[in-house]
Each structure stands twice: as C-alpha cells, then as structure tokens.
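*Asks:* My questions are about this predicted structure, shown below with the sequence.
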Amino acid sequence: MAYRWKNDLTQADVTPKSMFLNRRQLMGGAAGLGLAAAAGGARAQGALEPNTLEEIRTYNNFYEFGTGKEDPARNAGGMVIDPWSITVDGLVDNPGEYSLASLLDGLTEEERIYRFRCVEAWSMVVPWNGFELADILAKVGVKPEAKYVAFETTVQPDVMIGVQRRVIPFPYVEGLRLDEAMHPLTMLATGIYGEPMAKQNGAPIRLVVPWKYGFKSIKSIVRISLMEEEPPASWNIINPREYGFYSNVNPTVDHPRWSQASERKIGGGLFATRQDTLMFNGYEAEVASLYEGMDLNEFY
Ligand code: MTE
C-alpha cells in the first residue's frame, strides 16, 4: 500500500466526534422508542420520501476529505474525475483498464430510490441513478472460480486532506461476496436526482448496496477485482470487532458502542422522533435468502 497506516493512532483518531454525539442522542432518545416503533411499521409499507439534494450533498462521510460531516462538501472540489478509468482485474475474462464510458456503454441507466443507513445510526433516502453491478460484471466476464468482488477508491494525495493526514489507511477498500454483488439491488451509481454525482458523494461512480451499512458503499471507484478469497475491507481492518465484513443492516445486532435498533433520519430536525431500523434496511424479502443458515451474530 502506498500510504502507510500510521501506527500510533488511538481510538479517537478513527472515531469521528459525531459518533459520540449520536450515541448521546440515542441514549437521550430512548424514551421515544415506543412511538418510533409504531411509526416504523407504517414507514415499512409507505412510499419513501427522498431527502433533498442539499441534504444529500452536505452531510457526508468521505474520509479522504476529512472526518467531519461537512468536510467532503468543503474539500472535495479539487478531486480530478475526468478522465476516469477503472482497472478490472483478477478472475475475469476481459481484464483491462476501462474508461468509464466504455465500461458503461450499452448498459441501461435506472433510477432507484433506496433507503441508506449509516452504521453511525443516521439514515437518508436517496434517489440514485446508475447501473446494476451484475450487468457490468457480465460485460467483463466473471470466471467460475471467482467468489468475491473487491473495490478500491482513488487516492489523490495532493487534494485529499484526509490522505495527507492519514486519518485511516488509504486507499479505501471494500468487498462483497459474488452473490451479493450480482444481486439486482446492488448498483454502481453515477448520479443523484438525475444530476451527475457530486464529488463529495463519490463521483464519478460509487457502489450502492442498500441493505448494508453505508460504509460498504465505497466511493470514487478506480479498481474492481474478482477474487477467490474474501477481500480486505477498510473498516473491518481498522476495527474488526466493531465492523464486520458483511455489515448487513440488522436492528438486533448492536454495534459494541451503540444500539442499531433505531436511526435518526437526516433532515427530520433536531427533535424528530427516531425511527425503527428495519431488518436488512427494509430489503429483507429481497436479500434474506443470501444469508440462509448463517448466524448473523457471528457474521455481522
Ligand atoms: N468511500 C470512501 N472512499 N471513503 C469513505 O470515507 N465512507 C463510507 C461510504 N463510502 C467512505 C466511502 C461511509 S461511512 C458512508 S456512511 C457513505 O460512504 C456515505 O455516503 P454519502 O456521503 O454519499 O452519504
């Protein structure tokens, strides 16, 4: 890895202040849980009300640009996103360095309105534009031995203040099991609300896996590798006890330092009632079969 992991980090370095704030809010908000439970059921069935573009673009996690929620919007302007190419390698029939246009050429762009649930217990609803990852994988040809897909984010030290400060190890990496990657809900997104993806949201192309905690949805992807072994994943490397490889949204498996039973929807205002977190973030009917027979307490 080109950017060495600083050895003298303490917990405070890798845990943003907002996590502690969330925890405090959570404890303060516990009394409202009964109410939230009632609202949760209705929400599960009702239509999703997307967040505003403004909310989606100003409250971000993108540690390459700093650890504060407003840092990415403030600092990501200098990231070079054109030209953009993605290296596809490993167990594929057609490896190579693809321009973004050539990788997406001929594929159908769609809009998908998905719940987005961060492991820090906040959430949004986002109208993504993009492509099914399965279509892209079909194009490059996945070899039968492949069992996992690995992803890597660009590293542009000159314009990435978080990389300069080595707030976590970079490049940011993530991975999915192949069946998760091939699932029709899994997409590579290039836009939001029909607008090109803002840099702070992971321009020009980022992963979206709506039933997993947000950190799986890696931004600004420059490498996709098909592998036989489980690939490394950034937060899992940083703190394996707190962040598992799977990281499926699960209200019954708490984070060691806070409950995952409820969440605060961004834009609801400071005193908004927390809402219940749904199993697999509300996509249980679609994805539960992927994990049949697995102990979700063990494979968190
Ligand atoms: N991808 C990279 N490269 N770097 C990051 O710090 N943060 C993750 C994920 N993808 C992150 C990343 C986390 S913790 C979340 S919650 C989402 O991006 C946030 O996406 P958003 O800012 O578009 O809401």
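*Replies:* Yes, it's here.

*Asks:* Can you name the residue of the stretch 101-250 of the chain nearest to the ligand?
*Replies:* Residue nearest to the ligand within the stretch 101-250 of the chain: G214 (2.7 Å; CB to the nearest ligand atom). Backbone N, C-alpha and C define where each C-beta goes, glycine included.

*Asks:* Could I get the pLDDT score of that residue?
*Replies:* pLDDT for G214: 98.

*Asks:* Same check on L270?
*Replies:* 77.

*Asks:* any idea how far it is from R264?
*Replies:* According to CB to CB, to the nearest Å, L270 and R264 sit 9 Å apart.

*Asks:* Could you do I161 as well?
*Replies:* Look at I161 and R264: by CB to CB, they are 27 Å apart.

*Asks:* Comparing these two, which residue is more hemmed in?
*Replies:* More neighbours surround R264 than the other of I161 and R264, with 21 against 18 (other CB atoms under 10 Å).

*Asks:* contacting residues around N297?
*Replies:* The contact partners of N297, by CB atoms under 8 Å, 6 or more residues apart in numbering, come to V253.

*Asks:* Try it again at 10 Å.
*Replies:* Residues near N297 by CB atoms under 10 Å, 6 or more residues apart in numbering: N250, T252, V253.

*Asks:* Format those as CSV; extra columns: secondary structure and pLDDT.
*Replies:* Below are those laid out as CSV (DSSP: H, G, I helix; E, B strand; the rest coil; pLDDT from 0 to 100):
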residue, secondary structure, pLDDT
N250, coil, 98
T252, coil, 97
V253, coil, 97
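
*Asks:* Narrow those residues to those that are buried.
*Replies:* Burial by neighbour count, 16 or more other CB atoms under 10 Å: within these this picks out N250.

*Asks:* Dump the contacts of N297 to TSV, plus distance to the ligand.
*Replies:* Output for these, formatted as TSV (distance: CB to the nearest ligand atom, whole Å):
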residue	distance to the ligand
N250	16
T252	21
V253	18
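
*Asks:* what about the strands in the stretch 1-150 of the chain?
*Replies:* 85-90, 96-99, 110-117, 122-132, 148-153 (DSSP state E, counting those that start in this stretch).

*Asks:* From the chain's centroid, how far away is the longest one?
*Replies:* Taking the mean of its C-alpha atoms, strand 122-132 sits 10 Å from the chain's own mean (CA atoms, centre = their mean, to the nearest Å).

*Asks:* Dump the C-alpha coordinates for that strand into CSV.
*Replies:* Listed in CSV are the C-alpha atoms of strand 122-132, where the atom choice follows Å, rounded to 0.1, in the frame of the first residue of the first chain:
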residue,chain,number,x,y,z
TRP,A,122,-28.4,8.0,10.8
SER,A,123,-30.2,7.5,7.6
MET,A,124,-31.4,9.1,4.4
VAL,A,125,-33.5,8.2,1.4
VAL,A,126,-31.6,8.7,-1.9
PRO,A,127,-32.8,8.7,-5.5
TRP,A,128,-29.8,7.2,-7.2
ASN,A,129,-29.1,7.0,-10.9
GLY,A,130,-26.9,4.2,-12.1
PHE,A,131,-26.4,0.7,-13.3
GLU,A,132,-26.8,-2.8,-11.9
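
*Asks:* So P231, which state does it fall into?
*Replies:* With DSSP: H, G, I helix; E, B strand; the rest coil as the basis, P231 sits in coil.

*Asks:* count of residues packed around it?
*Replies:* Count around P231 with other CB under 10 Å applied: 21.

*Asks:* got a list of what it touches?
*Replies:* 90, 147-152, 173-177, 225, 245.

*Asks:* Quick check: the gap between the residue lying closest to N250 once chain neighbours are set aside and N248.
*Replies:* Of all residues not flanking N250 in the chain, L296 sits nearest, at 5.9 Å (CB to CB, 6 or more residues apart in numbering). According to CB to CB, L296 and N248 sit 7 Å apart.

*Asks:* So those two - more neighbours on which side?
*Replies:* Neighbour totals were compared for L296 and N248, and N248 leads with 25 against 16 (other CB under 10 Å).

*Asks:* picking up where we left off before, does the residue of the stretch 101-250 of the chain closest to the ligand touch V249 like I think?
*Replies:* Yes - in this structure G214 lies within contact range of V249 using CB atoms under 10 Å: 9.3 Å.

*Asks:* the more surrounded of these two?
*Replies:* Just comparing G214 and V249: by other CB under 10 Å the higher neighbour count belongs to V249, 28 against 21.

*Asks:* Let's check: the centremost residue of this structure is which one?
*Replies:* In the chain, the centroid-proximal residue (CA atoms, centre = their mean) is S217; its distance is 2.3 Å.

*Asks:* I appreciate the help and will end here.
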